[in-house]
Every structure is written in C-alpha cells, then in structure tokens.
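Test case, fold it:
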Amino acid sequence: MGNEINHTGIIKEIGEHSILVKIVQQSACAGCHAKGMCSAADNKEKIIEIQDSSGNFHVNEEVVISGKTSLGLQAVVLAFIIPLILIVATLITGSLIQWEESTNALIALFILLPYYCILYLNREKLKKKFIFTLKKLNQ
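Predicted coordinates:
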C-alpha cells in the first residue's frame, strides 16, 4: 500500500465511460485543531475524471481514488520541475547573450507558453498514462 496515493471522494456524475469524483485536497495544516484561527489552512475541491464503465457505482457514493506514487512524481516533474528548468535555462542563456534584464525575464516567462500548449495538446495521451482506480469505501 506504500506505493499508492489514496483520496476519499464523492461521485458527482456518472457518464457512459467515465465517472467524475469530487475530492477535497487539504494542505498539511488543514487538519490542525487551530485552523480556525489561522489563515494558512487551505482546502481545495477538485474534480477527477476516472475511466470506468462497470456500473458498480452510483451518484453521491463515497469512494476511494487510488493512483500510483510514481505517477504523482511524474506529474510533479511535468508541472513544476521541467518549467523551472526551462525558466532557469532561458535566464542563463539570456544573460550570456547579454539581453536586458526585463527582456530576459519576459522571454523566460513566455518560454512556458509553448510548453504548456504542448502539454495541453497531449492531454489525451497523458490521460491514458495517469490512470486512477475507484474502490468502494467499505472494501
């Protein structure tokens, strides 16, 4: 069980081949007893689409979403590490070429546009790679 990420969620919608599940993503301090007095506590609702056409689930059912830990690490690399490398590489290249600082900063930010467009265009391929499974909560 150590190589899985699990989240409890509620089924919001069932389609022909997919199920939409709402999960509440909490920051590390969201479970703290003093969160009412602190502005750092953070809860975000997320909707996760899971490919499933088994017919074993129903709307408003509480379920557990599972995914492999390695997929979480790959998601972090795609979402954060590669963009950071792109920005730093662009800043270093711009400094070597002796661009103005403002030009260098703008180009470093705009370099992310094609990267995120490529991710968006490959979203169907990524959906096939980042697979989540559903389990009934009581199993």
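
Can you tell me the element residue 84 falls in?
If you go by DSSP states H and E, residue 84 is part of helix 82-97.

That helix: which residues count as buried?
Using 16 or more other CB atoms under 10 Å as the burial criterion, the residues of helix 82-97 that qualify are 83, 87, 90-91, 94. All C-beta spots, glycine's among them, are computed from the backbone N, C-alpha and C.

most centrally placed residue in this structure?
What sits nearest the mean C-alpha location of the chain, by CA atoms, centre = their mean, is residue 75, with 6.6 Å.

partners of the top strand by length along the chain in the sheet?
Longest strand in the chain, counting residues (DSSP state E): strand 4-14. The strands beside strand 4-14 in its sheet (DSSP bridges) come out as strand 18-26 (antiparallel), strand 62-68 (antiparallel).

so which of these gets nearest residue 113?
Closest approach to residue 113 among the strands paired with strand 4-14 is made by strand 18-26 (26.4 Å; CB to CB).

circling back: any chance of JSON lines for the buried residues of helix 82-97, columns pLDDT and distance to residue 117?
Putting the buried residues of helix 82-97 into JSON lines (pLDDT from 0 to 100; distance: CB to CB, whole Å) gives the following:
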{"residue": "83", "pLDDT": "97", "distance to residue 117": "13"}
{"residue": "87", "pLDDT": "96", "distance to residue 117": "16"}
{"residue": "90", "pLDDT": "96", "distance to residue 117": "16"}
{"residue": "91", "pLDDT": "95", "distance to residue 117": "21"}
{"residue": "94", "pLDDT": "95", "distance to residue 117": "21"}
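
And the strands paired with strand 4-14: which comes nearest residue 118?
Taking CB to CB, strand 62-68 is the member of those nearest to residue 118, at 22.8 Å.

what comes up buried for the closest one?
For strand 62-68, the neighbour count (16+ other CB under 10 Å) marks 63-67 as buried.
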